[in-house]
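Q: okay, here's the prediction I keep looking at, along with the sequence it came from:
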Amino acid sequence: PFNKGVLINDKLYPVTVYNVTRFNPVLWKSLKENSHCPGNCNPKPEACSYPFECLVSVCPFGLTRNIQIDNKKV
């Protein structure tokens, strides 16, 4: 394995993997209305200040986290 791409015929090709799912407006509205996510704020902050571990692995608002819970950066 290579951390910068995939090797094909002795040539390294870059690979980008995206974590995506279909957009569901009903689910998105429910998530937005029932969360305390800083991404829902207006104006949107530059970094996430949510004090608990987030349930999504990639922030849909593009916020970065600098919070530690139990000595683990989340």
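A: In hand now; what should we look at? Here the structure is a predicted model, which is why all the values come from computation and not from measurement.
Q: which residue is the nearest non-sequential neighbour of the residue nearest the centre of the chain?
A: By Cα atoms, centre = their mean, the chain has its centre lying nearest to Val58, at 1.3 Å. Of all residues not flanking Val58 in the chain, Asn19 sits nearest, at 5.2 Å (Cβ to Cβ, 6 or more residues apart in numbering). Bear in mind the C-beta positions are built from the backbone N, C-alpha and C, glycine included.
Q: close enough to count as contact, that neighbour and Ser57?
A: Yes: the criterion here is Cβ atoms under 8 Å, and Asn19 meets it with Ser57 at 6.6 Å.
Q: what pLDDT, on average, does the strand or helix carrying Leu12 get?
A: Leu12 belongs to strand 11-13 when assigned by DSSP states H and E. When pLDDT is averaged over strand 11-13, the result is 90.
Q: chain center to it: distance?
A: Counting by Cα atoms, centre = their mean, to the nearest Å, strand 11-13 is centred 28 Å from the centre of its parent chain.
Q: quick one: strands adjacent to it?
A: Strand 11-13 has these partner strands in its sheet, going by DSSP bridges: strand 6-8 (antiparallel).
Q: my read is that Gly39 contacts Phe61, right?
A: Yes: using Cβ under 8 Å, Gly39 is in contact with Phe61, at 3.0 Å.
Q: residue contacts, Gly5?
A: If a contact means Cβ atoms under 8 Å, 6 or more residues apart in numbering, then Gly5 has Leu12, Tyr13, Pro14, Val15 as its contacts.
Q: any idea how far it is from Pro14?
A: Per Cβ to Cβ, to the nearest Å, Gly5 is found 4 Å from Pro14.
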